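J.: Return atomic coordinates for the entry below.
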Amino acid sequence: MALRPKLTNRDIFLKEYSEALADDTAAIFVGAGVSMAAGYPSWKALLRDIGQELGVDSGDVSDLAALAQWHIRQSAGATRIRQVLREEIGVEKPIPPTVEIIARLPIRHIWTTNYDRLIERAFSGIGRPLDVISAASDIALKPRAGAVRLYKMHGSVDRLDDVVISTDDYELFRSRRGAFLPLLHAHLASLSLLFVGLSLTDPNVRHVLSSIRENFSEAPPEHFAIVRPPHQNDFDSKEQFEARLTQHKLWADDLQRYGLRVVEIDRYDEVPELLTELERRVAKRRVWVSGSWPVGEEGATRAEFIHEVAQGIGAALGTAGYTLVSGAGLLVGSAALSGFLSSLQKTGSWDLERRLIARPFPQALRDQEPNAAQWQLLRTELGRLSGIAVFIGGMKVHADGALVPANGVLAEFDIARASGSFVLPIGATGGAASLIAERLLSMPASHRVEIACPTVAQLRRLSNEKLSASELVATAMEIVLKHARL
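T.: Residues are numbered from 1 along each chain as shown. Sure, this is the predicted structure:
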């Protein structure tokens, strides 16, 4: 019997951390490397001018906090260093893809020792609420409902009188900013932390790692660190490279003392690739149920069947542990939600806040048109959040009283397809779902392989009007479960 290949740290990271994200037990620690990728200077570069004013080359100093301390002592204050921070860190650099993805991930807690405002700007750009905790006194503030908390444990560029940069700041951390430590210890104990931008030369890292070691000397919880080892072309000589590579290997091995599993990358642009894969894996556990059906006399003949299919899909998703994503479409949305909630009650699940993502579309008053732009934004968000989209029915009453396919459901198919979601139309339910199935079936095989969708045989079975509602639900869920394993 052939042995399975051993899982790499990368494989373990993608599996375990994506599960932590889906289970709402993940947090992220953003290090200096992320800021440097945006164009901000390293610590050595930041303090280069400061060192020159003292007649010292910052590149020759291993303890850069001490260099800052020396300058403060010689100049009788921290004014000059604060000025350098304002000039170098206070400017707005382009937000790198890594930070944009972090802002989208389903996390509630972000830690950083960076001073810049990249994370704040990324959250603002997508309208996601963020509570910034940059001073010890901020910790006492009540969190806003739904807001992610950003712990800037070494301060922020917009509060330069309260940043950690010198030896004094580190030595007096417990007395001045000690309120951060119990929270950090609690997160290190109960959450899976991903360290991004962790640097061998970052003087801030020692403080964070010591927090792990202080509380978990024997069996620390498992966390992950994405790290790029030194490359030959990073150095002027082979000797320098080999010396730093040896140091890196020893450092990476030593990180195991802190429960940190190192995930090595060859290129910095692999970081957004890894985070995108995490985002994709989490999305595969979220299923968008799209559809609608008139509830009046016009659609009454099929409404009961549509309701049964949608309710069955919702219940099956709940039982299988999926997250339901819904725009609360007419009849279909409420039926799917009813089945989903019923399954959660039967299984004793109380994690509704994590398992349900609903974005009801604001309805216009009689004789008024809905806000098309707002609806488009909502659909785009649902498409971004979901990895699978199930289409059920999709009909509306035209102005002349006739039943016509719902353009909104067709638009949601286009959005789901553009987002890379797996599109699953239950064609037997009619309406837009039937049109979507026909469109996929009529495509040449060379075009259909570019779309994440069921096979021809599966599409035809889902379009078989002779199947009962329960048979259609069973077929659809078999496809969903199989796709989740890919």
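
J.: which outside residues touch stretch 406-416?
T.: 288, 290-292, 327, 329, 375-376, 379-380, 382-383, 386, 389, 391, 393-396, 423, 425, 431-433, 435-436 (Cβ atoms under 8 Å, 6 or more residues apart in numbering). Placement of C-beta: from N, CA and C, glycine included.

J.: Which of those residues fall within strands?
T.: Secondary structure from DSSP state E places 288, 290, 291, 292, 389, 391, 393, 395, 396, 423, 425 of the contacts of stretch 406-416 in strands.

J.: Now for the third one: which residues touch it?
T.: Residues counted as contacts of residue 291 (Cβ under 8 Å, 6+ apart) are 306, 310, 329, 332-333, 391-394, 406, 409, 429, 431-433.

J.: go on, the last one?
T.: If you count contacts by Cβ under 8 Å, 6+ apart, residue 425 has them with 390, 391, 413, 433, 434, 436, 437, 440, 459, 462.

J.: Which of the contacts of residue 291 scores worst on pLDDT?
T.: Here the lowest pLDDT out of the contacts of residue 291 sits on residue 329, with 71.

J.: I'd assumed residue 292 was in contact with that residue.
T.: Yes: using Cβ atoms under 8 Å, residue 329 is in contact with residue 292, at 4.0 Å.

J.: need the ones in strands among the contacts of stretch 406-416 in CSV with distance to residue 255, can you?
T.: Formatted as CSV, the ones in strands among the contacts of stretch 406-416 follow (distance: Cβ to Cβ, whole Å):
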residue, distance to residue 255
288, 39
290, 45
291, 49
292, 52
389, 40
391, 47
393, 53
395, 57
396, 57
423, 42
425, 48
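
J.: For residue 48, state which of those is nearest.
T.: Nearest to residue 48 out of the ones in strands among the contacts of stretch 406-416 is residue 288 (Cβ to Cβ; 50.9 Å).

J.: which residues does that closest one form a beta bridge with?
T.: Residues in a beta bridge with residue 288, per DSSP bridges, are residue 325, residue 389.

J.: Tell me how many other residues crowd it.
T.: 30 (other Cβ atoms under 10 Å).

J.: repeat for residue 14
T.: Residues near residue 14, counting by other Cβ under 10 Å, number 19.

J.: any low-confidence regions in the chain?
T.: 1-5, 62, 199-209, 211, 213, 215-220, 296-300, 348-351, 362-371, 486 (pLDDT under 70).

J.: got the residue ranges for the strands in it?
T.: For the chain, the strands defined by DSSP E occupy 26-30, 109-112, 130-133, 148-152, 192-196, 223-227, 260-264, 286-292, 323-326, 356-358, 388-393, 395-397, 403-405, 422-426.

J.: just to revisit the earlier point, from the contacts of stretch 406-416, list just the buried residues.
T.: Neighbour-count burial (16 or more other Cβ atoms under 10 Å) applied to these gives 288, 290-292, 327, 329, 375, 379, 382-383, 386, 389, 391, 393-396, 423, 425, 431-433, 435-436.

J.: From residue 147, how far off is residue 155?
T.: Noted for residue 155: a distance of 20 Å to residue 147, by Cβ to Cβ, to the nearest Å.

J.: for residue 313, that is, sorry about that
T.: Distance of residue 313 to residue 147, computed by Cβ to Cβ: 32 Å.

J.: Show me which of the two is the more surrounded one.
T.: residue 313 (29 against 14).

J.: Now do the contacts for the more buried one.
T.: Contact analysis of residue 313 by Cβ under 8 Å, 6+ apart lists 289, 336, 339, 390, 392, 473, 476, 477.

J.: again with residue 154
T.: Neighbour list for residue 154: 113, 114, 115, 163, 164, 165, 204 [criterion: Cβ under 8 Å, 6+ apart].

J.: right, and the third one touches residue 157 too?
T.: Yes: with contact defined as Cβ under 8 Å, residue 115 reaches residue 157; the gap is 4.5 Å.

J.: Mind checking which of these two has more residues around it?
T.: More neighbours surround residue 115 than the other of residue 115 and residue 157, with 26 against 20 (other Cβ under 10 Å).

J.: Can you pull the phi/psi pair for that one?
T.: Phi and psi for residue 115, reported as degrees, to the nearest 10, are phi -90, psi -20.

J.: quick one: it from residue 329, how far?
T.: Using Cβ to Cβ, one obtains 46 Å as the distance from residue 115 to residue 329.

J.: Please apply the same query to residue 157.
T.: Counting by Cβ to Cβ, the separation of residue 157 from residue 329 is 45 Å.

J.: Kindly report the same for residue 352.
T.: 20 Å.

J.: and if you look at residue 338?
T.: Distance from residue 338 to residue 329, by Cβ to Cβ: 13 Å.

J.: As PDB, could you dump the C-alpha coordinates of stretch 334-347?
T.: C-alpha atoms of stretch 334-347 as PDB (Å, rounded to 0.1, in the frame of the first residue of the first chain):
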ATOM      1  CA  SER A 334     -37.300  33.200   3.300                       C
ATOM      2  CA  ALA A 335     -37.800  29.500   2.600                       C
ATOM      3  CA  ALA A 336     -34.000  28.800   2.600                       C
ATOM      4  CA  LEU A 337     -33.600  30.800   5.800                       C
ATOM      5  CA  SER A 338     -36.500  28.900   7.400                       C
ATOM      6  CA  GLY A 339     -35.000  25.500   6.600                       C
ATOM      7  CA  PHE A 340     -31.500  26.700   7.700                       C
ATOM      8  CA  LEU A 341     -32.800  27.900  11.100                       C
ATOM      9  CA  SER A 342     -34.800  24.800  11.600                       C
ATOM     10  CA  SER A 343     -31.700  22.600  11.000                       C
ATOM     11  CA  LEU A 344     -29.600  24.700  13.500                       C
ATOM     12  CA  GLN A 345     -32.300  24.300  16.100                       C
ATOM     13  CA  LYS A 346     -32.400  20.500  15.600                       C
ATOM     14  CA  THR A 347     -28.600  20.200  15.900                       C
END
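
J.: how far out from the middle of the chain is that stretch?
T.: In this view, stretch 334-347 has its centroid 26 Å away from the chain centroid, taken as Cα atoms, centre = their mean, to the nearest Å.
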